[in-house]
Each structure stands twice: as C-alpha cells, then as structure tokens.
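Chemist: okay, structure incoming, though there's no sequence with it:
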Ligand SMILES: Nc1nc2c(ncn2[C@@H]2O[C@H](COP(=O)(O)OP(=O)(O)OP(=O)(O)O)[C@@H](O)[C@H]2O)c(=O)[nH]1
Ligand SMILES: [K+]
Ligand SMILES: [Mg+2]
C-alpha cells in the first residue's frame with residue numbers, strides 16, 4: 001500500500017541538455033497538490049491540462065501540459081504528476097526547484113523505479129529491465145530488455161519457484177512420516193518432479209546466460225607480461241589516451257574498463273596489470289585483480305612482445321586457462337628486424353605504427369558479433385546477478401537430489417528451501433535492502 005507519510009519526490013525525467021520538450025516528474029502523496037499549485041488549477045486524472053507554470057510571485061516560468069495519474073494506476077503506484085514544458089534546462093531546473101519549495105524532495109537515481117518495485121508495480125528483474133532498456137546499445141538488446149520488462153523472465157522464475165514450493169510441501173509432509181520408506185510416500189513421483197525442475201532450471205540458466213551476453217556485450221580482458229604494450233593497445237582501440245603508458249614495467253595496477261564500438265558492435269575492454277613473478281604489494285594486488293577479471297572474461301586479448309612471445313606465453317598460461325576464447329597479439333612489430341614466424345592464429349600488430357590494427361578491429365568485431373549471435377533472438381536480457389542466483393539455485397537443487405536419494409529428508413528440505421530463496425532474490429520476493437540500494441543507484445535520475 002502507498003504510504004501517506006512518504007516523501008514526494010521530483011526530478012527531471014528527460015535526458016540532460018536542451019530539447020523540444022522536457023518533463024519533470026513528481027511522485028508521492030503531495031504530487032497532485034504541488035502540480036495544482038504550480039499550474040493554478042485542479043488536475044483530473046488522465047487528462048492533459050494545458051496551463052502556465054508559475055513561480056512564487058505568480059510570474060510565468062513556462063507554459064505546457066500537466067498530466068495526473070492517480071494511485072495506484074501510475075508508474076510508481078503512487079500519485080504521479082508529469083509536467084511537460086519546453087526542453088530548456090533552465091526552465092526544467094526552475095520547475096524542480098519550485099516543486100521542492102512546495103514540499104517535494106529531489107529524487108535519487110532510480111527512485112521512481114524503486115518505488116514502483118516497493119509498490120508491487122514491477123518485480124526486481126523487471127525494474128532492472130527498465131534500466132537495461134534505457135541503456136540498450138542496439139535494437140536487439142532493446143527488444144530483449146522489453147521482453148524482460150514484460151515479465152517473460154520473471155514468469156519463468158516464478159513458475160519454477162512455485163514448483164519448488166510444491167516439492168518442498170511434499171518433502172516436509174514426508175518428514176512427518178519419517179518411519180515409512182519414502183517410496184510409500186510417493187518418492188518416485190517426487191524424484192521425477194525434482195528431476196524435471198532441475199532440467200527446467202538448467203534451461204532457464206542457459207537462457208539467462210544468453211540474456212546476460214546480450215546485455216553486457218563481449219567482455220574482453222587485455223592481459224600479458226609487463227611492458228608488452230597492453231595499455232598502449234587499449235588507447236589505440238579506445239581512440240584516446242585513457243590509460244597511462246610508460247616504459248616502466250608495472251605501470252598499470254588497477255583495472256581500467258572502457259566500452260568501445262566497432263562498426264556499431266559494442267564491447268567492453270579491460271586493461272590489467274602485467275603478469276610476472278614478484279612486484280611490490282600494489283603490483284601484486286593489481287595482478288590479483290587481473291586474474292579475478294579473467295574469471296569473468298569472454299575473451300582474453302593476450303598481448304606479447306613480438307621479440308619474445310614465448311616468454312610471455314609462459315607468464316600468462318595459467319591465468320587464461322579458463323577463458324573461453326583467446327586472441328594472441330604480437331605487439332611492437334616495428335621493432336622486429338625480420339618477420340619471425342607467428343603462432344597459430346596470432347596477429348602481428350604495432351601500437352606505435354598502427355600496423356595490424358585494422359586486422360585487429362576486424363577480428364574483434366567478428367568476435368563481438370559472434371557473442372551477440374550466440375545470445376540469439378527471442379531472448380530476454382538478464383544480469384550477472386540473475387545468472388549467479390540461478391547457478392546457486394542449481395547447486396542447491398543438485399544437493400537436494402542427492403539427499404533425497406539418500407532419504408535424508410531434512411537435508412533435502414533445507415536444500416530445496418535455499419534453492420527457492422535463491423530464485424526469490426531474482427525477482428526481489430526475497431531481498432536485502434543494500435541490494436536494492438545497489439541496483440537502483442545505477443539508474444539515471446528521473447527514472
Ligand atoms: N616500439 C614500440 N613500442 C611500444 C609499442 N607499444 C607499446 N610500446 C612501448 O612499450 C612501453 C610499455 O607500454 P605500455 O602500454 O605501458 O605497456 P603495458 O603492457 O601496459 O605495461 P604495464 O602496464 O607496465 O604492464 C611504452 O614505452 C610504450 O611506448 C609498439 O608497438 N612499438
Ligand atoms: K609499462
Ligand atoms: Mg599498462
């Protein structure tokens with residue numbers, strides 16, 4: 001239920017900068033009163049009112065349209081007023097200031113969507129899909145986010161949750177008859193149901209993993225020994241001096257993320273600390289982060305010094321062992337006296353002269369495109385958070401299955417509960433407050 005004591009929040013809902021039209025949005029118990037004072041007339045629900053927005057002295061700030069959506073039939077589930085004015089940043093900021101003077105508070109990023117979640121208008125996965133839709137890099141990602149927003153993902157999670165609940169009820173009932181062998185209590189049927197749930201969860205996990213790829217794009221981590229030219233290549237690919245480059249081995253310590261587009265295909269590049277034995281405490285922490293980042297990588301771009309590629313390969317071998325795809329680069333080709341033989345599918349490049357950079361672009365584009373194609377059509381977007389929760393649920397279900405086979409019903413019931421909880425975290429049926437803060441703070445203001 002809407003809370004009558006809750007703050008009323010206000011924010012500019014349209015993108016920063018000048019535009020034809022700009023919108024200020026209000027949500028909360030005082031939204032209507034503030035809108036009516038600003039516009040000088042009563043507002044009826046779901047009607048467009050043409051009016052003048054005035055300041056405290058009665059002078060016109062701008063003319064425009066006011067819309068009132070009465071709770072609960074609004075985006076947030078609270079009373080919402082939208083003020084459409086000319087898209088002048090000065091006008092829109094003055095309108096927000098006026099709303100604040102009349103008793104509203106400036107909204108935090110994502111606070112409208114957070115309220116929509118708290119009011120039960122959207123579940124958590126849907127609220128996240130709102131942000132993903134806004135940030136979608138291409139049509140395919142936008143469509144997929146739209147499907148998640150329509151609840152395609154949430155419905156599958158909920159259906160699975162309902163099934164786990166039914167299985168839990170069955171197991172808990174069997175616990176009460178623990179003296180009897182489980183097969184007289186429908187054990188075979190229970191096992192079959194659990195088997196089917198495991199399979200359904202597996203399919204959902206694969207779909208969510210595709211959705212995550214679609215949302216995040218290709219995640220490429222640049223690795224190699226110190227001074228191979230990793231940061232130099234990042235700068236060449238990013239088209240700007242993002243990373244510090246020096247001739248001192250161990251220059252890069254922190255991870256540096258950069259999103260780039262090659263012919264409309266988006267990918268994330270991460271520059272990392274060079275891998276070697278030793279180094280000071282900061283450099284060792286950098287290497288630890290580099291290895292951690294490789295654990296999330298779709299692609300390792302391995303940068304080696306063209307004059308000694310073999311030495312570099314040894315230094316990175318174990319760090320990239322788990323990365324699904326590798327791209328080998330022999331950098332500093334300009335320093336080679338004569339062309340030395342290349343490894344299987346290594347590319348010879350020079351961050352200094354630009355040699356081989358076109359071929360590198362083409363290769364990256366192909367890999368990013370392949371990643372998007374693997375996500376496929378018909379998918380919904382999902383986040384790493386969702387994939388992690390599904391993996392967790394799947395681990396608990398696998399345990400539950402073994403425990404059931406051993407007729408350890410108490411343990412099976414507990415594993416089923418944990419699996420069920422993990423699913424609940426996806427849609428927010430179960431959530432920690434800091435999770436909400438974390439999710440909604442990444443939204444834009446006004447959404
Ligand atoms: N000749 C030549 N020098 C290069 C090339 N690429 C990078 N360098 C030089 O190599 C040195 C190291 O480059 P960085 O980009 O800092 O190397 P890095 O791999 O990021 O090094 P760390 O961050 O210390 O691990 C710098 O002096 C660069 O100017 C290249 O293609 N040719
Ligand atoms: K360096
Ligand atoms: Mg570097």
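Modeler: Here it is on my side, so go on. None of the values given here were measured: they were computed from a predicted structure. Ligands and ions are numbered 1, 2, ... in the order given.

Chemist: what about the helices in the chain?
Modeler: In the chain, the helices defined using DSSP state H lie at 31-39, 89-101, 111-118, 124-135, 139-149, 152-175, 187-216, 230-238, 281-294, 309-316, 357-375, 384-405, 409-427, 433-440.

Chemist: looking at these, which is nearest to ligand 1?
Modeler: helix 230-238 (3.3 Å; C-beta to the nearest ligand atom). Backbone N, C-alpha and C define where each C-beta goes, glycine included.

Chemist: can that closest one be found next to ligand 1?
Modeler: Yes - Helix 230-238 lies within reach of ligand 1 by C-beta under 6 Å from any ligand atom, at 230-232.

Chemist: contact residues of the stretch 201-350 of the chain facing ligand 1?
Modeler: Counting by C-beta under 6 Å from any ligand atom, the stretch 201-350 of the chain sits next to ligand 1 at 224, 226-232, 245-247, 249-252, 273-274, 331-332, 334-335, 350.

Chemist: one step back: got the helices of the chain as JSON lines, with distance to residue 24, mean neighbour count and mean pLDDT columns?
Modeler: Converted to JSON lines, those look like this (distance: least, C-beta to C-beta, whole Å; neighbours: other C-beta atoms under 10 Å; pLDDT from 0 to 100):
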{"stretch": "helix 31-39", "distance to residue 24": "9", "mean neighbour count": "22", "mean pLDDT": "98"}
{"stretch": "helix 89-101", "distance to residue 24": "5", "mean neighbour count": "18", "mean pLDDT": "98"}
{"stretch": "helix 111-118", "distance to residue 24": "12", "mean neighbour count": "24", "mean pLDDT": "96"}
{"stretch": "helix 124-135", "distance to residue 24": "18", "mean neighbour count": "23", "mean pLDDT": "94"}
{"stretch": "helix 139-149", "distance to residue 24": "23", "mean neighbour count": "20", "mean pLDDT": "90"}
{"stretch": "helix 152-175", "distance to residue 24": "30", "mean neighbour count": "18", "mean pLDDT": "92"}
{"stretch": "helix 187-216", "distance to residue 24": "29", "mean neighbour count": "18", "mean pLDDT": "91"}
{"stretch": "helix 230-238", "distance to residue 24": "36", "mean neighbour count": "23", "mean pLDDT": "97"}
{"stretch": "helix 281-294", "distance to residue 24": "40", "mean neighbour count": "17", "mean pLDDT": "95"}
{"stretch": "helix 309-316", "distance to residue 24": "52", "mean neighbour count": "17", "mean pLDDT": "92"}
{"stretch": "helix 357-375", "distance to residue 24": "37", "mean neighbour count": "17", "mean pLDDT": "89"}
{"stretch": "helix 384-405", "distance to residue 24": "31", "mean neighbour count": "19", "mean pLDDT": "95"}
{"stretch": "helix 409-427", "distance to residue 24": "31", "mean neighbour count": "22", "mean pLDDT": "95"}
{"stretch": "helix 433-440", "distance to residue 24": "20", "mean neighbour count": "14", "mean pLDDT": "83"}
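
Chemist: closest to residue 322 out of these?
Modeler: Nearest to residue 322, of all these, is helix 281-294, at 7.3 Å by C-beta to C-beta.

Chemist: just checking, what packs against the closest one?
Modeler: On a contact count with 3 or more C-beta pairs under 8 Å, 6 or more residues apart in numbering; DSSP states H and E, helix 281-294 meets strand 218-223.

Chemist: mean confidence for the strand it packs on?
Modeler: Across strand 218-223, the average pLDDT comes to 95.

Chemist: distance check, residue 49 against residue 23.
Modeler: Between residue 49 and residue 23 the computed distance is 14 Å (C-beta to C-beta, to the nearest Å).

Chemist: before we move on, back to that, between the residues of helix 230-238 next to ligand 1, which sits nearest ligand 2?
Modeler: Proximity of the residues of helix 230-238 next to ligand 1 to ligand 2 (C-beta to the ion) peaks at residue 231, which lies at 6.6 Å.

Chemist: which residue packs closest to that closest one, ignoring adjacent ones?
Modeler: In space, and not counting its chain neighbours, residue 231 is closest to residue 243: 3.7 Å by C-beta to C-beta, 6 or more residues apart in numbering.

Chemist: what does this structure put close to ligand 3?
Modeler: Within the chain, the positions adjacent to ligand 3 are 230-231, 251-252 by C-beta under 5 Å from the ion.

Chemist: how about the stretch 301-447 of the chain: which residue is closest to ligand 3?
Modeler: residue 303 (9.3 Å).

Chemist: gap between that residue and residue 284?
Modeler: Residue 303 is 20 Å from residue 284, by C-beta to C-beta.

Chemist: so which of the residues of helix 230-238 next to ligand 1 comes closest to residue 216?
Modeler: Nearest to residue 216 among those, with distances taken as C-beta to C-beta, is residue 230, at 21.4 Å.

Chemist: residues contacting the closest residue to ligand 1 within the stretch 251-400 of the chain?
Modeler: Of all residues in the stretch 251-400 of the chain, residue 274 sits closest to ligand 1, at 2.7 Å by C-beta to the nearest ligand atom. Residues near residue 274 by C-beta atoms under 8 Å, 6 or more residues apart in numbering: 224-228, 230, 249-250, 252, 287.

Chemist: also residue 322?
Modeler: Residue 322 touches 294-295, counting by C-beta under 8 Å, 6+ apart.

Chemist: before we move on, the earlier item: what number of residues lie near the residue of the stretch 301-447 of the chain closest to ligand 3?
Modeler: Residues lying near residue 303 (other C-beta atoms under 10 Å) number 31.

Chemist: likewise for residue 28?
Modeler: By other C-beta under 10 Å, 27 other residues sit near residue 28.

Chemist: nearest spatial neighbour of it, skipping sequence neighbours?
Modeler: Among residues not flanking residue 28 along the chain, residue 8 sits closest, at 3.0 Å (C-beta to C-beta, 6+ apart).
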